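1. any chance you can model this:
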Amino acid sequence: MNSPNLVILAGGVSSRMKKSIHEVAGSSVQHGAGHSAKSMIGLGEEKRPFLDYLLWNAERAGYRDVVLVVGEHDRSFRERYGNADRGNRFHALEISYAVQNIPPGRTKPLGTADALLQALLLRQDWRGQGCTVCNSDNLYSVTALRRTLETGNRCALMDYDRAGLGFAPARARQFAVLVKDASGILVDIVEKPSPEQVLRATGPDGRVGVSMNLWRFSYDVILPFLESAPVHSVRREKELPVAVGIMIRSHPGSMTAIPISEHVPDLTSVHDIGEVEGFLRNHYRGSLWQ
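-> Numbering: from 1, shown residues only. The predicted structure is shown next:
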């Protein structure tokens, strides 16, 4: 059985969410968006934290050991979910916490590659195993999470059909495109792709695959690339897709793209809250937690 380990990256400072708040008149939800981590904003019928829905899906997909990567000053996650020693609201999950500190001289953490590194350094008992990695502000389906867990490949990512995501074209064009060979092996990840790069990534059937940051890694394969990940020259962060790009160039054939076509609710800015609320009303009921 594949290791039912999951890392959820929740330690960012939500800068895009906070930047968007002034553009929208204040409601209680929008007020919460300015004072909470994005994934802790109360949404849906019972105003549960957005992360509740992701953990609910993860539990049903078969995950059991979860690490939340959190910011150094944020206590809301521990207050909500407890820990492995004293239990939590998701009884099938053992939840632990890796803290991503802000280095001296910076105002925000060092990026997603550093976030995953902190989780793996915390869980050195996962050596020799695999783990799934995802964002806390995307709601991945039970199907997507289960397929990621059950892949027979040491390293993989979910390859989302851009046309099937349900986002406006201008937004969909912002997602990183995936370049694969004929057998579905990932050969490149292109952030902020140009039209020419999108064309290179387009399959014979016209399909454009994009990353929504749902990954499966071998602990031992990815670790050295997280440790040596460079700081991006513009964004000044150590980014997980960059570390993966270096990994697949160093180990060709090491990462498989798993095709899927479905919507992924994305809580990037205040403008997303209404759409996400509608999705949750249609797909989740309070009775799920009874």
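
2. what about Arg80, distance to Gly166?
-> Here the criterion is Cβ to Cβ, to the nearest Å. By it, Arg80 lies 29 Å from Gly166. For glycine as for every other residue, the C-beta is placed from the backbone atoms N, C-alpha and C.

3. so Met158, which state does it fall into?
-> strand (DSSP: H, G, I helix; E, B strand; the rest coil).

4. and stretch 143-152, how far from the chain's centre?
-> Computed by Cα atoms, centre = their mean, to the nearest Å, the chain-centroid distance of stretch 143-152 equals 14 Å.

5. that one: which residues count as buried?
-> Ala144, Leu145, Arg146, Arg147, Thr148, Leu149, Thr151 (16 or more other Cβ atoms under 10 Å).

6. kindly report the same for stretch 65-74.
-> Asp65, Val66, Val67, Leu68, Val69, Val70, Gly71, Asp74.

7. can you flag which of those belong to strands?
-> Among the buried residues of stretch 65-74, the ones falling in strands (DSSP state E) are Asp65, Val66, Val67, Leu68, Val69, Val70, Gly71.

8. between those, which is nearest Val208?
-> Comparing those against Val208 with Cβ to Cβ places Val69 closest, at 29.5 Å.

9. average model confidence for stretch 73-87?
-> Across stretch 73-87, pLDDT averages out at 78.

10. meant to ask about stretch 113-123, not that
-> For stretch 113-123, mean pLDDT rounds to 98.

11. contacts only, for Ala119.
-> Val7, Val67, Val69, Ala98 (Cβ atoms under 8 Å, 6 or more residues apart in numbering).

12. could you save those residues as TSV and add columns showing distance to Arg200 and pLDDT?
-> Shown next, in TSV, are the contacts of Ala119 (distance: Cβ to Cβ, whole Å; pLDDT from 0 to 100):
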residue	distance to Arg200	pLDDT
Val7	30	98
Val67	35	97
Val69	33	97
Ala98	36	96
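
13. can you classify the residue nearest to Leu110 when sequence neighbours are not counted by secondary structure?
-> The spatially closest residue to Leu110, leaving aside those adjacent along the chain, is Lys238, at 5.3 Å (Cβ to Cβ, 6 or more residues apart in numbering). Of the three states, Lys238 takes coil under three-state DSSP.

14. make sure Lys238 is actually in contact with Ala113.
-> Yes - using Cβ atoms under 8 Å, Lys238 is in contact with Ala113, at 4.0 Å.

15. give me the common contacts of those two.
-> In contact with both Lys238 and Ala113: Leu226, Ala229, using Cβ under 8 Å, 6+ apart.

16. the helices in the chain, which residues?
-> Ranges of helices within the chain are 15-20, 28-35, 50-61, 76-81, 112-122, 142-150, 169-172, 195-201, 219-227, 240-250, 273-283, based on DSSP state H.

17. figure out which of these is closest to Thr132.
-> Closest among the helices of the chain, using Cβ to Cβ: helix 142-150, at 5.0 Å.

18. contacts for the closest one, please.
-> Contacts of helix 142-150 (Cβ under 8 Å, 6+ apart): 2, 4, 6, 57-58, 60-63, 132, 134, 156-158, 214-216, 258, 260, 262, 264.

19. please pick the buried ones from those.
-> For the contacts of helix 142-150, buried by 16+ other Cβ under 10 Å: 4, 6, 57-58, 61-63, 132, 134, 156-158, 214-216, 258, 260, 264.

20. any idea of the mean pLDDT for stretch 236-253?
-> So the average pLDDT for stretch 236-253 ends up being 96.

21. run through who's touching that stretch.
-> With Cβ under 8 Å, 6+ apart, stretch 236-253 has contacts from 106, 109-116, 133, 155, 157, 176, 185-189, 191, 211, 213, 215, 221-222, 225-226, 228-232, 254-255.

22. could you rerun that using 6 Å?
-> 110-114, 185-186, 189, 225-226, 229, 231-232, 254-255 (Cβ atoms under 6 Å, 6 or more residues apart in numbering).

23. same deal with stretch 47-56?
-> Ser39, Met40, Ile41, Leu43, Phe90, Ser136, Leu139, Leu267.

24. now do the buried residues in that stretch.
-> Arg48, Pro49, Phe50, Leu51, Asp52, Tyr53, Leu54, Leu55, Trp56.

25. for stretch 272-279, same thing?
-> Per 16+ other Cβ under 10 Å, stretch 272-279 contains these buried residues: Asp272, Ile273, Val276, Glu277, Phe279.

26. do you know how far the third one is from Val69?
-> Taking Cβ to Cβ as the measure, Val276 and Val69 are separated by 22 Å.
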